[in-house]
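J.: Whatever this is, show me its structure:
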Amino acid sequence: MDINEGPVDNNDMNIDIDEHPCQPSPQLNNACQPSPQPNNAEFIGPGDHLYQNYHADLDGRPCDADGVFLPPGAPPPPPKNVVTDDWTPFHNHSEFETAEFLYTRNQMAAGQIDHLLDLWASTLAKHTDKPLFGDHRDLYNVIDSSPFRDVTWQNFTVAYDGERLTDDIKPWMDNKYKVWFRDPCEVVHNMLANLTYSSEIDYRPYQEYSTEGDKWQWKDFMSDDWVWDQADEIVKDPSTLGSMFVPVILGSNKTTVSVGTGNNEYYPLYASIGNIHNSVCQAHHNGVVVIRFLAMPKTTNEHAKEPVFQQFHQQLFHLLLSKILNSLKPGMTTPEVMQFGDGHYWWVIYGLGPYIADYKEQVLCVANHDNLNEHTLCRLRDHTEALIEEAPNLDGDLWDDFGIVKQLVPFTNDFPRADIYQMISLDILHQLIKGTFKDHLVVWVEKYLRHMHHKRKAEKIMDDIDHRIAVTSFSGLWRFPQGYGFKQWTGDDSKALMKVYLPAIKGHVPTEVVRAFRALLDFAYLVCRDIITEDSLLEIKDTLARFHHYCEIFKMTGVISTFSWPCQHSLVHYIQNIQLFAALNGLCSSIMENKHIKAILLTNQQLDKLSAAGQKCTQTVPALADKLDIPCLPDLLGQFLFQQLHPNDPHDLSDVPLTECPRYLGKISVFNSASSCFYTPSNLSGIGGMHVEYIQSCPSWRNEHSHHDCLFINTDSSLPGMQGLEYQGEVYPCAVICWFNKVSDTADEDTGMWIVHPECSANNSPEHAIIHIDAIYRAAHLIPVYGM
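T.: Numbers count the residues shown, from 1 in each chain. This is a model prediction of the structure:
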């Protein structure tokens, strides 16, 4: 292929094949754990319940700007002289604040910016002055001229330069394809120098253990087996001792851009580094960055299946990866000195880390495509190259028998310590959520209904399932007002359907189908945890066995004939992948998918448990009691105030006479909605794992009926809350609630969900109470019980 470059040098693409030993498959038992080395182990966190065993040689020691290692505990060098009033490229602080407000905080549209600036200009005309910016183009140009942080986009073009038959030249052979990219080396420099998450970086490989039984656990990427093995390889070169290993994590996810582009398919390439914690990637604090856009080659239907075009299409993908990543290659064998966000300098050595890809692009094991569930060995580079070398002597075809394209040269062959078969990371979004759940189980249920019932009855059942899904409403949950029968699915759509589909099908399908869904959901929740322990791995193994067992109902009823599907087969590799690459919630394409369309995640890191999010109104206690139809509200309020004023009183509230409880009938502030900020590191959240969720209690929801969310109550919460009731100069934030009781001491056997019912008094009226809002943990998703 010819590569014609824009503002970059034209480097030849030589392919060097590096031989290195294969990585053994990790086993799930204590015997294979390395013995902790006391000299390199440190307790972490409160209570000495956890300790980390650090790599002895690749230990990330800070140095000075000349690369001389500093003594332990030495402070970073003082910052260089910085002019405090230098706001380059902005003229002053006010100009910077205006740009940040319009572009970042408000994200104002270009037309609205122009309108606002015109209004501003009209007020300054009499003073012969003008606004800080002329129009939105002026604002954008100033922002684009900033010399800080952003890495310049570059481009080059690619064209086919292979064999051409003069009498059969295809149209695609004359096309040129433009590739936009950013230097990954500069991108990594920016990540390491980012002050925002300088305290959220691991500088050395480690293994984390619980002091209770010395059990291994995996969390952030630097705690995994792959990093430790890479460190062992790197330190075989004595010049790397004391360096910091920086694994570069890559991912690609095809997206279609149809507006104004003619329905082009693009392959964005994303980059991150394994040193930053998973919470940083989930919070989108520039922990995941787009470094390449490639419009994939297209041709006519007549030529799309021709081997020469398919080979060009496949090799182009790897060739471009190799070229773009080439700037990292020198630093993979020779450490370089770099200053980090904490001010220290460090020796840094790079390496290609895991590659996150859709399951269709993964080749993980040597298995027959007709029987992916048979026990097989993991694929290795040496084995693949041996098969290619012996291909002329083998019966059959490499692609049909092994899934190997012998002409394809993986991009990893151009880099040290890189084996593509060991670097492919599993993808929770495409394999588990979109693949196994949505594309398989949900589709199989529809096939089952059509297979077991006549057409009209099957459609009636599916309409009822749609209705059950549509009536489910919950804050932050995607709504399906017309059911789930739409064509354009996003990852968020699939994840939302997972939360409501299980109870919606109960009663319409056999118990085994319901339990198959339950097992898969349990599996999904387990692998999405932010910390995976050895006990978690055993749970994952057991859950997967239950899933395979109950899925047999689909084969027994004739709905499907085989389970030999790549995305389902990938589930058997999750335990090994977690051991190799730690908790997978930091290596998921759902993080990349959120980069397709630029979004701003507003992170609330305040300590307030609840802050007002709805409109406040003020009422008296009797008026509120009449509005809520709770005549005993003044008595409940008195009991609540007694409890707040006498927190150590041993008596049960029901035993305290109402005459001893404070009597308050004055004004009270009422909020119909609020936001709860809580710790949920396994989900996309703010940095540090904080997540904001809205809780509603509205007399009119979507201009229709009332809406009252269900809540989980935590009686040990002690965080400060929002203002509500003021009594004798003291503010008591509180909530009026109606209790629910569990129907049983165990969850439902089929769905695994808890069944509750409203608690009622002797006259069958709801049992109300008033609680302090610090007792509220988060909203609970209440779904009707179907199929009973």
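J.: where along the stretch 501-650 of the chain do the strands fall?
T.: Assigned by DSSP state E, counting those that start in this stretch, the stretch 501-650 of the chain shows strands spanning 532-533, 610-612, 616-620.
J.: Which of these has the lowest mean pLDDT?
T.: Note on those: strand 610-612 shows the lowest mean pLDDT, a mean of 33.
J.: and the gap between the closest residue to residue 43 other than its chain neighbours and residue 72?
T.: In this structure, residue 43 finds its nearest non-sequential neighbour in residue 51, 4.8 Å apart by C-beta to C-beta, 6 or more residues apart in numbering. For the C-beta atoms, the positions are set from N, CA and C on the backbone; glycine is no exception. Counting by C-beta to C-beta, to the nearest Å, the separation of residue 51 from residue 72 is 19 Å.
J.: again, but for residue 210
T.: The separation that residue 210 has from residue 72, given C-beta to C-beta, amounts to 27 Å.
J.: same check, this time on residue 207
T.: 21 Å.
J.: Which one of the two is surrounded by more residues?
T.: Higher neighbour count among residue 207 and residue 72: residue 207, with 24 against 7, using other C-beta atoms under 10 Å.
J.: Tell me which helix or strand that one sits in.
T.: strand 206-210 (DSSP states H and E).
J.: Please apply the same query to residue 298.
T.: Using DSSP H and E, no helix or strand contains residue 298.
J.: Tell me if I'm right that it and residue 172 touch.
T.: Yes - assessed by C-beta atoms under 8 Å, residue 298 is found in contact with residue 172 at 7.3 Å.
J.: longest helix of this structure?
T.: Secondary structure of the chain per DSSP state H: the longest helix is helix 534-556.
J.: quick one: buried residues of that helix?
T.: 534, 536-537, 539-540, 543-544, 546-548, 550-551, 553-554 (16 or more other C-beta atoms under 10 Å).
J.: In JSON lines, list the residues you listed along with distance to residue 306 and pLDDT.
T.: As requested, those are arranged in JSON lines below (distance: C-beta to C-beta, whole Å; pLDDT from 0 to 100):
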{"residue": "534", "distance to residue 306": "51", "pLDDT": "93"}
{"residue": "536", "distance to residue 306": "48", "pLDDT": "92"}
{"residue": "537", "distance to residue 306": "46", "pLDDT": "95"}
{"residue": "539", "distance to residue 306": "48", "pLDDT": "95"}
{"residue": "540", "distance to residue 306": "43", "pLDDT": "95"}
{"residue": "543", "distance to residue 306": "44", "pLDDT": "95"}
{"residue": "544", "distance to residue 306": "40", "pLDDT": "94"}
{"residue": "546", "distance to residue 306": "46", "pLDDT": "95"}
{"residue": "547", "distance to residue 306": "40", "pLDDT": "94"}
{"residue": "548", "distance to residue 306": "39", "pLDDT": "93"}
{"residue": "550", "distance to residue 306": "44", "pLDDT": "94"}
{"residue": "551", "distance to residue 306": "38", "pLDDT": "93"}
{"residue": "553", "distance to residue 306": "42", "pLDDT": "93"}
{"residue": "554", "distance to residue 306": "37", "pLDDT": "93"}
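J.: Quickly name whichever of those is closest to residue 776.
T.: If you rank those by distance to residue 776 using C-beta to C-beta, residue 536 comes first, at 28.2 Å.
J.: so what's the closest one up against?
T.: 217, 526, 529 (C-beta atoms under 8 Å, 6 or more residues apart in numbering).
J.: Buried ones among the residues you listed?
T.: 217, 526, 529.
J.: Who is the first one paired with across the strands?
T.: The one in question is residue 217. Per DSSP bridges, the residues bridged to residue 217 are residue 208, residue 533.
J.: Could you pull up the residues touching it?
T.: Contacts of residue 217 (C-beta under 8 Å, 6+ apart): 50, 208-210, 223, 531-534, 536.
J.: before we move on, what about the second one?
T.: If you count contacts by C-beta under 8 Å, 6+ apart, residue 526 has them with 532, 536, 539-540, 543.
J.: where along the stretch 151-300 of the chain do the helices fall?
T.: Counting by DSSP state H, counting those that start in this stretch, the stretch 151-300 of the chain has these helices, from start to end: 184-192, 225-234, 278-283.
J.: Now do the same contact list for the nearest residue to residue 183 once chain neighbours are set aside.
T.: In this structure, residue 183 finds its nearest non-sequential neighbour in residue 327, 5.4 Å apart by C-beta to C-beta, 6+ apart. By C-beta under 8 Å, 6+ apart, residue 327 lies in contact with 183-186.
J.: Looking at the residues you listed, which is nearest residue 102?
T.: Looking across the contacts of residue 327 and measuring by C-beta to C-beta, the closest to residue 102 is residue 186, at 27.5 Å.
J.: Output the longest strand belonging to the protein.
T.: strand 345-356 (DSSP state E).
J.: ok and that one relative to helix 225-234, angle-wise?
T.: 130 degrees (axes from the mean of the first three to the mean of the last three C-alpha atoms, to 10 degrees).
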